[in-house]
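Enquirer: Would you be able to build a 3D model of this:
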Amino acid sequence: MTLFNEGLMKKTKLKNIFSIFFCTMLVSTSVLSGCSRSEVHSNESASIAGEETAVDNSETKNITVAGWYEPSCTRNLMAYLAEKFPDYSFEYQYISKTSYEPLIDSQLSSKTAPDIVMVSQSMAKKHGKSGYIEDLTKYCDDFTDEGRDAFLYEDVIYAIPSTTGYICIFYNKTILKENGQSIPTTFEGLLDLADYMEQIGIKPMSSGLKDVERVADSAIAVLASGYLSTEEGKGFGTRIAEGETSFRKEIRPHMGKWQNLVIHHYYTKDMCLMDDRAAIDEFASEKSLMYCGDLEDYNLIKERNPDIKLGTMAFSSEMKLKPVLIGGCNCGFAVNSYSDKKNDAISIVADLATREGQEALWKDRKGSQTYLKNVKFDNPDEYDSLRPVVDSGRMFMPWNEWGKNSTEIYRAFGGELQKVILGERSMEIAFNVIDDEVRQIHKENN
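Expert: Numbering: from 1, shown residues only. Next up is the predicted model:
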């Protein structure tokens with residue numbers, strides 16, 4: 001398919017190329033000095049569509065976009081932008097999620113950030129307050145209150161919402177059926193299923209627990225359908241943000257079911273050395289029954305094994321009683337206020353507030369939904385079991401209530417639980433360390 005209109009063709013021909021830089025950063029270096037080209041340890045360019053297209057060099061502008069999603073998870077978005085804005089070239093700069101926020105914080109403060117940056121809710125509020133990202137309020141009228149409020153700070157919206165993002169459990173229907181098993185309806189049944197799978201030589205679960213935030217997710221998934229959904233538990237985030245409680249006091253007593261998942265090998269030592277890609281490969285090759293991952297992983301699983309029969313399920317410590325999904329509106333597109341192409345970037349980001357722009361985002365994260373009013377995308381049948389959970393709004397991101405230091409606190413929480421899985425910490429010592437780290441985080445940042 002030709003990406004540009006014939007009327008825009010000029011005599012000079014060149015290939016329309018996205019330069020996709022895979023940034024594996026040394027945080028100790030990058031946070032201090034920003035991510036310059038010399039600090040990119042490896043990079044490669046990928047040509048989308050691979051067609052020669054006539055473009056006038058003098059009119060082509062390069063727009064840089066930074067994000068924490070791997071380039072393979074932004075293919076539809078970047079292809080859409082190339083087709084919609086033929087007078088621009090787009091460079092997607094991938095930064096791993098563990099390094100992303102401190103890197104972008106540093107780049108924005110030093111006025112060296114990309115033109116467009118993906119932001120979480122906490123990042124939007126932080127950088128909106130500092131004046132590093134642009135007011136995008138007037139482009140958000142067609143979004144629901146949930147989408148608008150996600151990136152709101154003092155009545156100003158600082159990012160165009162992406163589609164919903166959440167973590168769920170993918171499972172292999174064929175393995176279940178061939179072994180006479182079914183999805184359990186009790187937590188005890190879930191543990192029994194893990195034991196059975198191990199007996200027949202199939203891992204119960206694959207998960208990239210090398211990422212400490214993924215470890216934290218595994219615990220929050222259980223807590224969100226249990227203690228954190230109670231009236232008392234709903235106030236935990238505010239109390240921890242204000243230093244009025246501790247993880248040991250409020251969270252430790254409710255970690256028994258998560259411990260049981262570790263004991264029954266849903267979460268194992270080898271997973272702590274495994275990133276998401278390795279976990280996807282293991283699951284797609286049918287060495288495990290389940291995979292805990294994000295919506296963008298659906299396309300990757302299908303690419304690795306087109307014939308796999310997938311099902312999905314939500315998390316619950318009580319199974320059918322209160323299933324939940326961990327996620328919501330936690331990715332938006334913001335514009336760097338100090339970009340020399342700020343107005344161009346605003347026009348491009350504003351286009352993501354249209355149905356067509358949101359559909360491009362959805363294609364990279366099937367299973368999600370747009371926050372545009374009166375618009376719904378038809379998700380694959382594999383997500384049928386999750387529709388009641390999504391439609392009822394049972395999606396939670398408890399860490400957003402943990403204050404301005406929520407990312408650091410979440411990583412401290414996950415880091416210590418990772419050591420529990422590895423057998424390096426007892427639960428008692430882990431929670432003592434978590435509270436010590438939280439106190440230090442508050443001391444250094446307040």
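Enquirer: would you list every one of the helices in the stretch 201-350 of the chain?
Expert: If DSSP state H, counting those that start in this stretch is used as the criterion, the helices of the stretch 201-350 of the chain fall at 212-224, 236-241, 247-250, 256-263, 276-284, 297-304, 342-351.
Enquirer: which stretch among those helices comes nearest residue 397?
Expert: Evaluated with CB to CB, the helices of the stretch 201-350 of the chain place helix 212-224 nearest to residue 397, the distance being 8.7 Å. Every residue, glycine included, has its C-beta placed from N, CA and C.
Enquirer: Per-residue pLDDT of residue 10, please?
Expert: At residue 10, the predicted lDDT confidence score is 37.
Enquirer: Equivalent analysis for residue 27, please.
Expert: pLDDT at residue 27 comes out at 36.
Enquirer: Report the contact partners of residue 242.
Expert: By CB atoms under 8 Å, 6 or more residues apart in numbering, residue 242 lies in contact with residue 403.
Enquirer: Which of the helices of the stretch 201-350 of the chain has the highest mean neighbour count?
Expert: helix 212-224 (a mean of 23; mean count of other CB atoms under 10 Å).
Enquirer: the domain parsing of this structure - what is it?
Expert: The chain breaks down by automatic domain parsing into domains covering 6-164+329-373, 166-328+383-445.
Enquirer: lowest-confidence stretch among the ones you listed?
Expert: Here the lowest mean pLDDT among the domains of the chain goes to domain 6-164+329-373, at a mean of 80.
Enquirer: Would you agree residue 82 is in contact with residue 92?
Expert: No. Using CB atoms under 8 Å as the test, residue 82 is too far from residue 92 to be in contact (10.9 Å).
Enquirer: between these two, which one's more packed in?
Expert: Higher neighbour count among residue 82 and residue 92: residue 92, with 24 against 20, using other CB atoms under 10 Å.
Enquirer: For the more buried one, give its distance to residue 147.
Expert: 23 Å (CB to CB, to the nearest Å).
Enquirer: Make sure residue 332 is actually in contact with residue 165.
Expert: No. Assessed by CB under 8 Å, residue 332 is found out of contact with residue 165, at 10.6 Å.
Enquirer: Those two: which has the busier surroundings?
Expert: residue 332 (27 against 22).
Enquirer: can you give me the strands for the stretch 101-250 of the chain?
Expert: 116-119, 152-153, 156-157, 160-161, 165-172, 203-206 (DSSP state E, counting those that start in this stretch).
Enquirer: From the contact counts, what lies against the second one?
Expert: With contacts defined as 3 or more CB pairs under 8 Å, 6 or more residues apart in numbering; DSSP states H and E, strand 152-153 has these neighbours: helix 121-130.
Enquirer: Ok, the fifth one next?
Expert: Helices and strands in packing contact with strand 165-172 are listed as strand 288-294, helix 297-304, strand 310-313, strand 325-328; criterion 3+ CB pairs under 8 Å, 6+ apart.
Enquirer: measure stretch 371-384 end to end?
Expert: Taking CA to CA, to the nearest Å, stretch 371-384 runs 19 Å from one end to the other.
Enquirer: what sits up against that stretch?
Expert: 142-144, 146-148, 150, 161, 163-164, 170, 298, 310-312, 329, 353, 355, 358-359, 362, 366-370, 387.
Enquirer: Can you tell me the closest non-neighbouring residue to residue 67?
Expert: Leaving aside its sequence neighbours, residue 67 sits nearest to residue 118 (CB to CB, 6 or more residues apart in numbering; 4.0 Å).
Enquirer: Since that was my last question, I'll sign off now.
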